[in-house]
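Peer 1: sequence and computational prediction follow.
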Amino acid sequence: MASEEDTEQSYVPQKKKSESEDDKRRKKIVPGSLMKALMRPGGGESNPSDGDQIIYHCTVRTLDGVVVESTRSEHGGKGIPIRNVLGKSKMILGLLEGIPTMLKGEVAMFKMMPQMHYGEEDCPVPAPSSFPKEDDLHFEIELIDFSKAKVVSDDLGVLKKVIDEGQGWESPREPYEVKAWISAKTGDGKLIMSHTEGEPYFFTFGKCEVPKGLEMGIGTMTRKEKAVVYVTNQYLTPSPLLPMIEGYEEVHFEVELVHFIQVRDMLGDGRLIKRRLHDGKGDFPMDCPLHDSLLRVHYKGMLLNEEKTAFYDTRVDNQGEPLEFSSGEGMVPEGFEMCVRLMLPGEIALVTCPPDYAYDKFSRPPSVPEGAHVQWEIELLGFEMPKDWTGLNFQEIMDEAEKIRVTGNRLFKAGKFELAKAKYEKVLREFNHVNPQTDEEGKVFLDTRNSLHLNVAACFLKMGECRKSIDACNKVLDATPVHAKALYRRGMAYMAAGDFEEARSDFQMMIKVDKSSEPDATAALAKLKKQEQEVERKARKQFKGLFDKKPGEIAEVQVEDRAGGEITGENQKNDLSAPLLERDDSQHCNEADGGQYGMAWFYSLWPPGRRTFSALGLDRCTIL
């Protein structure tokens with residue numbers, strides 16, 4: 001009994017497949033409405049099924065033999081067979097039901113009552129003009145071919161038939177550079193273009209250098225794949241490959257994708273371009289270098305002039321030894337590292353780089369002039385993954401954390417705040433999986449984590465993101481409410497954002513929780529007072545007479561730019577956190593911050609304004 005109950009409980013009825021429109025139409029078929037007579041047997045054992053592209057000739061006659069319409073030239077047609085995709089193309093009901101019973105090369109005659117052709121109620125295919133849709137008719141069908149097809153466009157204007165499978169998984173896309181053998185025929189088999197000798201046809205994907213439909217089809221192909229791409233006239237756009245397109249209802253392109261070069265627009269504006277010259281080993285992007293990997297590369301640097309003047313080659317100028325560097329540490333130009341991070345081991349790439357991502361912000365080689373565009377030919381020999389912390393004991397983990405923190409501090413001092421922040425945040429992410437086992441380990445862990453959060457806060461403040469700096473400080477104060485350095489740094493962020501009352505509260509709290517921090521707190525309060533007086537003086541000057549105007553008059557107000565000042569007289573401390581801030585970043589913060597700091601600019605110009613507007617209940621008023 002128990003097993004029967006378990007069986008009943010474990011049984012989950014399968015969801016019934018939804019009925020398609022064609023299935024609903026098939027229910028209209030009544031006995032005798034569709035009859036088939038075999039005129040010539042076909043070959044093979046398989047029949048067309050849903051998803052197959054079918055190619056057939058069709059001749060329609062009345063029961064006494066008069067031709068109504070035909071695709072055959074001998075009966076007045078264009079000689080171009082019909083192409084449909086079973087289950088996707090709109091077809092009359094008789095052919096939808098009859099063609100799946102045929103073999104390749106078979107010729108059959110289908111006798112159809114009106115409800116099986118254009119006389120069907122709500123027939124999805126409109127009847128040709130003057131078509132006798134109320135009559136019984138004979139449809140002579142020759143099934144020329146059928147095969148699986150890739151539907152490239154939803155309206156079936158572009159289809160692809162694979163002849164030979166390709167290699168790999170990657171397909172070309174904008175702005176890849178493509179080489180292919182291409183020939184083109186009309187629907188009736190007439191050759192109109194052939195590029196199958198000499199050099200393969202070369203074009204840049206997305207530059208309208210081949211017809212739109214052909215490009216869409218090639219965009220689904222892999223290297224060495226051979227296919228036929230069927231393109232109807234709405235996708236036959238003029239191009240250098242096929243300039244004349246008038247008069248073609250459809251064109252069949254036979255394509256062999258010889259090769260394509262992966263081209264990446266790294267910035268999206270066409271300035272930093274990476275071209276893959278030689279494929280690497282592995283799967284993209286899983287086998288690309290991670291952050292903090294140790295990379296080994298050979299590279300050759302050239303100026304982008306007519307002579308392509310070489311200014312450095314590791315194989316010549318470095319005694320044949322490759323360059324080794326760790327990613328994420330700013331040891332190579334930014335454009336160089338961005339591209340190497342997207343390479344596979346063994347890959348060779350050609351990188352075209354603008355000056356602001358090359359040597360204008362990096363140590364410039366003597367032979368590279370200021371503002372020079374450069375080109376690097378880079379070969380990624382290999383890389384070592386960052387050390388896995390799994391299995392390390394607590395002391396080993398803290399040693400690894402210290403190495404990364406030191407690197408972050410070096411980047412911070414060099415003004416590379418984004419890179420420094422990434423180093424600190426990497427350790428903080430790893431700390432989510434660290435569990436100290438003793439009280440002593442717990443104290444070391446907490447101190448280190450707090451210092452890293454404060455370093456992150458310092459980076460955010462230097463980057464002008466005051467809200468994020470405050471949030472980072474709050475993480476420290478949530479864990480250690482009496483942390484003087486966190487109060488100091490948060491107070492600096494509040495002051496930079498124009499929230500002077502909050503800043504004053506934090507500086508005063510510093511003195512209460514740690515007497516040794518009084519010199520720093522006193523210097524910060526003095527700076528705060530000076531800044532308040534300065535912005536109040538400017539506010540009084542700018543808003544002078546604003547409230548003396550009579551009703552209907554408007555005082556013209558101009559706001560001057562605020563200049564940041566230097567904080568002096570602060571005691572620097574050498575602990576695990578980054579150095580105290582050297583300057584006031586309030587201008588950047590006021591520009592960058594939004595949300596709750598939307599009025600900060602006004603309050604910083606006129607600090608009493610916060611209290612005045614609050615008392616009047618006008619906190620959310622807009623100043624015009």
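Peer 2: Everything's here; your move. Residues are numbered from 1 along each chain as shown.
Peer 1: quick check, Asp360 in contact with Pro369.
Peer 2: No. Contact criterion Cβ atoms under 8 Å: Asp360 and Pro369 do not qualify, at 10.4 Å. Placement of C-beta: from N, CA and C, glycine included.
Peer 1: any shared contact partners between the two?
Peer 2: Common neighbours of Asp360 and Pro369, counting by Cβ atoms under 8 Å, 6 or more residues apart in numbering, are absent.
Peer 1: make sure Pro366 is indeed in a strand.
Peer 2: No. Pro366 is assigned coil when assessed by DSSP: H, G, I helix; E, B strand; the rest coil, not a strand.
Peer 1: report pLDDT for Asp279.
Peer 2: You'll see Asp279 listed with a pLDDT of 89.
Peer 1: again, but for Ser20
Peer 2: For Ser20, the predicted pLDDT is 83.
Peer 1: quick one: contacts for it?
Peer 2: Residues in contact with Ser20 (Cβ under 8 Å, 6+ apart) are Gly87.
Peer 1: what does the one 5 residues further on give?
Peer 2: When contacts are counted by Cβ under 8 Å, 6+ apart, Arg25 touches Leu93, Leu96, Glu120.
Peer 1: hang on, the last one packs against Leu93?
Peer 2: What it means is Glu120. Yes. Using Cβ under 8 Å, Glu120 is in contact with Leu93, at 5.4 Å.
Peer 1: and these two? Which one has more around it.
Peer 2: Neighbour count, other Cβ atoms under 10 Å: between Glu120 and Leu93, Leu93 has more, with 24 against 20.
Peer 1: okay, now the domains of this protein?
Peer 2: As recorded under the TED database, the domains making up the chain are 22-147, 152-261, 266-384, 394-535.
Peer 1: can you tell me which of the ones you listed comes nearest to Lys541?
Peer 2: Closest to Lys541 of those, according to Cβ to Cβ: domain 394-535, at 10.6 Å.
Peer 1: just send the contacts of Arg25 back as TSV, with distance to Pro365 and pLDDT too.
Peer 2: Output for the contacts of Arg25, formatted as TSV (distance: Cβ to Cβ, whole Å; pLDDT from 0 to 100):
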residue	distance to Pro365	pLDDT
Leu93	75	95
Leu96	70	95
Glu120	77	93
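Peer 1: make TSV from the residues you listed and add distance to Ala472 and secondary structure to it.
Peer 2: Formatted as TSV, the entries for the contacts of Arg25 read as follows, by distance: Cβ to Cβ, whole Å; DSSP: H, G, I helix; E, B strand; the rest coil:
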residue	distance to Ala472	secondary structure
Leu93	68	helix
Leu96	65	helix
Glu120	70	coil
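Peer 1: from these, pick the one nearest His298.
Peer 2: His298 lies nearest to Leu96 out of these, by Cβ to Cβ, at 61.6 Å.
Peer 1: ok, that closest one touching Lys24?
Peer 2: No. Counting by Cβ under 8 Å, Leu96 does not reach Lys24; the two are 11.7 Å apart.
Peer 1: compare those two (neighbour count), which wins?
Peer 2: Leu96 (21 against 9).
Peer 1: count of neighbours near the nearest residue to Phe284 once chain neighbours are set aside?
Peer 2: Leaving aside its chain neighbours, Phe284 sits nearest to Leu344 (6.2 Å; criterion: Cβ to Cβ, 6 or more residues apart in numbering). Residues near Leu344, counting by other Cβ under 10 Å, number 20.
Peer 1: check Leu344 and give its pLDDT.
Peer 2: We have a pLDDT of 95 for Leu344.
Peer 1: helix, strand or coil for the residue lying farthest from the centre of the chain?
Peer 2: Here the chain reaches farthest from its C-alpha mean at Asp64, the gap being 63.2 Å by Cα atoms, centre = their mean. Three-state call for Asp64 (three-state DSSP): coil.
Peer 1: ok, it to Asp136 distance?
Peer 2: Remark: distance between Asp64 and Asp136 (Cβ to Cβ, to the nearest Å) = 11 Å.
Peer 1: over to Tyr176?
Peer 2: When Tyr176 is compared with Asp136 (using Cβ to Cβ), they lie 55 Å apart.
Peer 1: how about Asn455?
Peer 2: Per Cβ to Cβ, Asn455 is found 87 Å from Asp136.
Peer 1: so which of the two has more stuff around it?
Peer 2: Using other Cβ under 10 Å as the criterion, Asn455 and Asp136 rank with Asn455 on top: 27 against 16.
Peer 1: so which bits of the one helix or strand the more buried one maps to are buried?
Peer 2: Per DSSP states H and E, Asn455 falls inside helix 439-462. Across helix 439-462, burial judged by 16 or more other Cβ atoms under 10 Å covers 441, 445, 448-462.
Peer 1: for that helix, packing partners?
Peer 2: Packing partners of helix 439-462 (3 or more Cβ pairs under 8 Å, 6 or more residues apart in numbering; DSSP states H and E): helix 394-413, helix 417-431, helix 466-479, helix 484-497.
Peer 1: mind checking the SS state of Ala127?
Peer 2: coil.
Peer 1: I'd guessed His373 sits against Ala358; true?
Peer 2: Yes. In this structure, His373 is within contact of Ala358 by Cβ under 8 Å, at 7.4 Å.
Peer 1: what about these two, which has more around it?
Peer 2: A direct count of neighbours by other Cβ under 10 Å for His373 and Ala358 places Ala358 higher, at 26 against 14.
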